[in-house]
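J.: Requesting a structural model of the entry that follows:
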Amino acid sequence: MNWQHLIDTARMLADVSGTAPPPGGPRQAMLRRAVSTAYYAMFHALCQSNADTLVGASPAGNDIQIWLQTYRALGHRPARERLASYRSVSPPAIRNFANLFGNLQEQRHDADYNPRKAFVSSEVTSLIDRAEATTTAFCNTPEPQRRILAICLLLQRNRN
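T.: A predicted model of the protein is given here:
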């Protein structure tokens, strides 16, 4: 899954790609899907980073299944909970990613489950822009730092 394609899709849904909005502006359903899609762009970028740094970006043979297993190993709630510990002490790109990830996941929950929440096109556009910039910076973080993050995200601590 290409996270940048998800960002592009979010932009189309939010009608920020330059196309004319429907009469009365973008529909709430489109704005909601745009928020959700922007979140999934970040989530899939994180999953890909985990798999690429731990298994390799170009797996072959049996490594493909290991890569897929690593890609799918992180759930949404554990991602948010574990990233929370990176909100203040990590390199800036990871810290910013962790902060926005938690915020955007909350926005996605509202978009998907709160029928009373109204989204504003300019705010959704801003979220998409921030998701793209933050994810780009995260993906450009040196691989050793992302590898350490992947290990911390995917391996649970023994609570003894």
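J.: pLDDT of the lengthiest helix in the chain, averaged?
T.: Across the chain, the longest stretch assigned as helix under DSSP state H is helix 28-54. Here helix 28-54 scores 97 as its mean pLDDT.
J.: where does this structure have low pLDDT?
T.: 16-26, 157-160 (pLDDT under 70).
J.: mind listing what's buried in the longest helix of the chain?
T.: 30-54 (16 or more other Cβ atoms under 10 Å). Where you see a C-beta, it was placed from the backbone N, CA and C, and this is true even at glycine.
J.: try stretch 64-76
T.: Buried residues in stretch 64-76, defined by neighbour count with 16+ other Cβ under 10 Å: 67, 70, 71, 73, 74.
J.: Give me the phi and psi for the last one.
T.: Backbone dihedrals for residue 74, given as degrees, to the nearest 10, come out at phi -100, psi 130.
J.: My guess is it contacts residue 152. True?
T.: No: contact criterion Cβ atoms under 8 Å: residue 74 and residue 152 do not qualify, at 11.0 Å.
J.: got the angle between the helix or strand harbouring residue 123 and helix 28-54?
T.: Per DSSP states H and E: residue 123 is located in helix 121-139. Counting by axes from the mean of the first three to the mean of the last three Cα atoms, to 10 degrees, helix 121-139 lies at 0 degrees to helix 28-54.
J.: got a list of contacts for helix 121-139?
T.: 3-4, 7, 10-11, 14-16, 21, 25-26, 31, 34-35, 38-39, 41-42, 45-46, 49, 92-94, 96-97, 100, 104, 107, 146 (Cβ atoms under 8 Å, 6 or more residues apart in numbering).
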